[in-house]
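**Q** this one's sequence-less:
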């Protein structure tokens with residue numbers, strides 16, 4: 001027997017933040033690979049493309065002029081300057097996904113998260129990823145071999161400030177093991193999807209049940 005009333009869920013915005021090298025991007029990729037109901041928000045950035053990165057997949061790579069135009073036209077949900085490069089989240093694809101009941105994952109820093117809190121608080125689920133130690137964080141940054149030593153040193157200097165923003169997030173995960181961290185984020189996602197206020201049509205559904213449908 002078909003259900004007489006349909007429950008529709010509005011999509012949510014899952015934010016993962018961490019200091020560079022703590023593992024948020026690795027966790028984000030696993031979540032995207034494992035869960036067909038969530039897609040990665042592809043940010044625009046003015047930084048140069050790193051080896052192995054793909055335009056339109058990792059980021060949309062644009063120049064500073066185009067970035068400023070997008071920001072001035074209100075086309076970015078959030079934007080931030082990080083290590084002299086600019087990053088931002090295009091508004092239109094995110095808003096359309098949420099309306100269609102699809103979830104969107106954000107790999108952004110605390111600056112972007114604060115801006116999203118101001119404009120989309122009810123759609124937001126925030127998770128901060130901490131490293132198990134500063135020694136481990138430095139090891140991971142060096143192992144990436146994507147940045148010169150002076151950039152690694154800058155990232156380590158900035159890590160303490162970034163980690164000080166952990167109280168602004170709803171969930172905290174210490175990334176001691178990648179697979180375990182992925183399981184924890186998946187559990188958060190499952191619980192948040194089931195929240196009553198994300199399910200429209202629920203009152204009509206229950207009313208139908210009570211009336212014997």
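**A** In hand now; what should we look at? Model, not experiment: these values are computed from the prediction.
**Q** For the residue positioned nearest the centre of the chain, which three-state class applies?
**A** Geometric centre of the chain, nearest residue: residue 106, 1.9 Å, by CA atoms, centre = their mean. Three-state call for residue 106 (DSSP: H, G, I helix; E, B strand; the rest coil): strand.
**Q** ok, what's across the strand from it?
**A** residue 15 (DSSP bridges).
**Q** Is it correct that it is in contact with residue 16?
**A** Yes. With contacts counted by CB atoms under 8 Å, residue 106 reaches residue 16, the gap being 6.9 Å. Where C-beta positions appear, they are placed from N, C-alpha and C, glycine not excepted.
**Q** Quick check: bridge partners of residue 171?
**A** Bridge pairing for residue 171 - DSSP bridges - gives residue 127.
**Q** any idea which element residue 36 lies in?
**A** Following DSSP states H and E, there is no helix or strand that holds residue 36.
**Q** cool, and residue 22?
**A** Residue-wise, residue 22 maps onto no helix or strand under DSSP H and E.
**Q** which residues does the spatially closest residue to it that is not a sequence neighbour contact?
**A** Leaving aside its chain neighbours, residue 22 sits nearest to residue 131 (4.4 Å; criterion: CB to CB, 6 or more residues apart in numbering). When contacts are counted by CB atoms under 8 Å, 6 or more residues apart in numbering, residue 131 touches 18, 19, 21, 22, 23, 137, 140, 174, 175.
**Q** mind pulling up the phi and psi values for residue 131?
**A** phi -80, psi 160 (degrees, to the nearest 10).
**Q** What of residue 77?
**A** According to degrees, to the nearest 10, residue 77 has phi -70, psi -30.
**Q** next one: the one 10 residues further on
**A** Reported as degrees, to the nearest 10, the phi and psi values for residue 87 are phi -130, psi 150.
**Q** wait, what's in contact with it?
**A** 43, 44, 45, 46, 47, 59, 79, 80, 81, 108, 109, 112 are the contacts of residue 87 under CB under 8 Å, 6+ apart.
**Q** What are the boundaries of the helices in the chain?
**A** Using DSSP state H, the helices of the chain run over residues 24-34, 64-72, 91-99, 110-120, 134-144, 149-163, 178-193, 202-210.
**Q** Who does residue 40 form a beta bridge with?
**A** Counting by DSSP bridges, the residues bridging with residue 40 are residue 105.
**Q** how near is it to residue 207?
**A** Residue 40 is 37 Å from residue 207, where distance means CB to CB, to the nearest Å.
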